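Participant: coords please:
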Amino acid sequence: MAKPVLLVTRRLPPDVEARAAAEFDARLSTSDLPMPDVLAQVSGADAILTCPGDNFDAALITALPPSVKVIATFSVGFDHIDVAAASARAIAVCNTPDVLSVTTAETALLLILAAARRAGEGERLVRAGRWQGWAPTQLLGVGVVGRRLGIFGMGRIGRELARMARGIGMTIHYRDVARLSPALEDDAIFHDDDASFLGACDVLSLNAPGGGETYHWLNAERIALLRRGGGECRTRHAGGRCSAHRGVAERSSRFCGSRRVRWRAEAEPRLSRIGERCAAAAPRQRHGGDARLNGVSRT
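Facilitator: This next block holds a predicted model:
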């Protein structure tokens with residue numbers, strides 16, 4: 001019996017490609033970039049395995065051949081797929097929920113520590129050969145032990161971050177649409193308004209989904225409510241736009257960490273200016289578990 005034909009739009013980790021080749025008649029890609037012309041490759045395919053950044057909009061889905069019955073994405077987020085258009089064609093859409101919560105939380109904690117301790121600045125000094133030895137006033141950072149971490153969006157990622165942050169002596173405050181059960185809350189302190197929440201934060205982590213009511217939630221007025229000397233960290237693995245107004249955050253005096261997700265194109269040039277402050281940035285990471293380390297600190 002012939003194997004189903006699977007079109008894979010990006011190069012994937014070797015073990016994933018090996019399993020795809022074993023279980024399907026797999027048409028693999030050799031590129032890390034989006035496939036330029038899916039329609040030219042998809043003829044006769046039963047399923048498509050795509051990735052974030054591959055825009056499966058209504059026009060593309062409508063033009064897919066009748067053989068395509070499944071569109072799967074190598075991600076948790078699926079906002080790059082027009083689900084309504086797929087449903088109209090009776091095409092199933094599949095994602096990988098709850099596989100990156102720990103990975104994303106680890107990256108958030110990495111960014112918090114790197115920004116607070118000015119690790120990016122120190123790394124640049126060493127790499128450039130400009131570090132001349134220890135000095136009492138050099139790269140004085142901010143300790144996080146005993147500080148209050150505010151988590152905006154206490155979902156799976158937020159709760160994983162809270163668990164890790166408790167391990168280094170931080171206390172947890174959170175803001176969400178509703179209070180969690182005592183078991184999930186685990187002694188974290190709930191706030192039902194922005195003012196009390198932000199006023200309690202030494203460090204703020206934005207983990208809520210983007211878009212809608214959270215779009216540019218962290219504006220100048222809310223940044224002003226943070227405790228003096230506090231900082232903020234933005235991490236998400238779902239789709240939509242970041243919850244922070246990037247330009248406002250850059251102009252604030254707070255340290256910040258940013259796991260790059262999907263900034264508006266016109267905001268991209270501002271990334272270079274983050275390097276002038278005690279900030280940390282990292283690219284989106286797609287691998288969890290024991291996958292190879294593939295994140296490079298961008299500061």
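Participant: ranges for the helices of the stretch 101-250 of the chain?
Facilitator: Along the stretch 101-250 of the chain, counting by DSSP state H, counting those that start in this stretch, helices occupy 101-116, 119-127, 156-167, 182-185, 194-199, 220-225, 246-251.
Participant: how close does the closest residue to C94 other than its chain neighbours sit to L6?
Facilitator: Leaving aside its sequence neighbours, C94 sits nearest to A72 (C-beta to C-beta, 6 or more residues apart in numbering; 4.2 Å). Every residue, glycine included, has its C-beta placed from N, CA and C. A72 sits 9 Å away from L6, going by C-beta to C-beta, to the nearest Å.
Participant: common neighbours of those two, please.
Facilitator: By C-beta atoms under 8 Å, 6 or more residues apart in numbering, A72 and L6 have these common neighbours: A47, I48, L49.
Participant: now, the residues you listed that are in strands?
Facilitator: A47, I48, L49 (DSSP state E).
Participant: quick check: the second one vs P34, distance?
Facilitator: Think I48. Counting by C-beta to C-beta - I48 and P34 are separated by 13 Å.
Participant: now the common contact residues for those two.
Facilitator: When contacts are counted by C-beta under 8 Å, 6+ apart, I48 and P34 are jointly contacted by T9.
Participant: the more surrounded of these two?
Facilitator: I48 (27 against 16; other C-beta atoms under 10 Å).
Participant: per-residue pLDDT, that one?
Facilitator: In this model, I48 is scored at 98, pLDDT.
Participant: wait, it sits on V42?
Facilitator: Yes. Shown here, I48 and V42 form a contact pair, counting by C-beta atoms under 8 Å, at 6.7 Å.
Participant: where does the stretch 51-200 of the chain dip in pLDDT?
Facilitator: For the stretch 51-200 of the chain, no stretch has pLDDT under 70.
Participant: residues touching G158, list them.
Facilitator: G158 neighbours (C-beta under 8 Å, 6+ apart): A105, I151, F152, Y174, D176, S205, N207.
Participant: oops, could you answer that again for R117 instead?
Facilitator: L139, G141, V142.
Participant: so of the contacts of G158, which ones are in strands?
Facilitator: Counting by DSSP E, the part of the contacts of G158 found in strands is I151, F152, Y174, S205.
Participant: pull the most distant pair out of those.
Facilitator: Y174 and S205 (9.5 Å; C-beta to C-beta).
Participant: surely I172 meets I189?
Facilitator: Yes. Contact between I172 and I189 holds when scored by C-beta under 8 Å: they sit 6.9 Å apart.
Participant: where does the residue nearest to C94 fall, secondary structure wise?
Facilitator: According to DSSP states H and E, A72 maps onto strand 70-73.
Participant: now the next helix-or-strand element following that strand: buried residues?
Facilitator: Using DSSP H and E, the helix or strand that follows strand 70-73 towards the C-terminus is helix 83-88. By 16 or more other C-beta atoms under 10 Å, the buried positions in helix 83-88 come out as A85, A86.
Participant: need the residues that contact helix 83-88.
Facilitator: Residues outside helix 83-88 that contact it (C-beta under 8 Å, 6+ apart) are F56, D57, A58, I61, T62, I71, A92, V93.
Participant: change it to 7 Å
Facilitator: Helix 83-88 is contacted by residues A58, I61, T62, I71, V93 when judged by C-beta atoms under 7 Å, 6 or more residues apart in numbering.
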